[in-house]
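Asks: Sequence and predicted model, in that order:
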Amino acid sequence: MTQFNLAAAGAEQPPLIPHADELIIGLIAFAIVFFFLAKKLLPNINKVLEQRREAIEGGIEKADAAKTEAESVLEQYKAQLAEARHEAARLRQEATEQGAAIIQEMRAEGQRQREDIIAAGHAQIEADRKAAAGALRQDVGKLATDLAGKLVGESLEDHARQSRTIDRFLDELEDGAVKAEATR
C-alpha cells in the first residue's frame, strides 16, 4: 500500500517513461510486424528487385546485341553501297567505250558510203560524158558532112567515109585542145 499511497500521494510516474504493460505490448506488436516483414514482405520485395535487376541487365544486353547487329548491318550496307558504286562506274565506263566504238563504226560506215556515192557519181558522170561525147560526135559529124557536102557540091552519104572523116576531124580538135591546155 505504500507504493499505492506514494502514487496517490503525489509522486506520480514521469510521463516519458511508458508503463511496463504498454512496453510489453509494444514489443510483442513490433516482433509480429518484424516477423511478418522478414518472412513475407521482404522476400517478395527482394524477388521483385532481383527480377527488375535481371530485366534491366537483360535489356542492356539486348540493347548491346542490337547495337552490335545494327553496326554489322551498317557495315554490310556500306560495303554493298561501295560495291554498287564501283559496279555503276564500271558500267558507265563500258557504256562510254561502247558509245565511242559505235560512233567510230558509224563514222567509218558514213565515210565508206560517201566514197561509194562519190565513186558512183564519178562513174555516172563519166558514162554521161561518154554518151554526150558520142552523141555530140554524131551530131557534129552529121553537120560537118552536110556542110562539107554543100561546100564540095557532092553528097558524102557514104557512111564509112563519113565516119573516117568525122573521127579524123574530132581527133584533130581534141589534140589541139590538149596542146592548148598543156601550154597554159
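Replies: Nice, thanks for sending it over.
Asks: And the average pLDDT for stretch 147-159 is what?
Replies: Averaged over stretch 147-159, pLDDT sits at 65.
Asks: let me redo that: stretch 97-105
Replies: Mean predicted lDDT for stretch 97-105 stands at 94.
Asks: got any ranges where the chain has weak pLDDT?
Replies: 1-11, 149, 151-162 (pLDDT under 70).
Asks: most centrally placed residue in it?
Replies: Closest to where the C-alpha atoms of the chain average out (Cα atoms, centre = their mean) is residue 88, at 5.3 Å.
Asks: Does it lie in a helix or a strand, and which?
Replies: helix 42-152 (DSSP states H and E).
Asks: Counting by contacts, list what that helix packs against.
Replies: Where contact means 3 or more Cβ pairs under 8 Å, 6 or more residues apart in numbering; DSSP states H and E, helix 42-152 is packed against helix 159-183. Heads up, the C-betas are built off the backbone N, CA and C, glycines and all.
Asks: contacting residues around the helix it packs on?
Replies: When contacts are defined by Cβ atoms under 8 Å, 6 or more residues apart in numbering, helix 159-183 is touched by residues 137, 140, 141, 144, 145, 148, 156.
Asks: So for that helix, what gets flagged as buried?
Replies: For helix 159-183, a neighbour-count test (16 or more other Cβ atoms under 10 Å) marks 162, 165, 166, 169, 170 as buried.
Asks: Just give me the closest of the residues you listed to residue 35.
Replies: Of all the buried residues of helix 159-183, residue 170 has the smallest distance to residue 35: 151.4 Å, by Cβ to Cβ.
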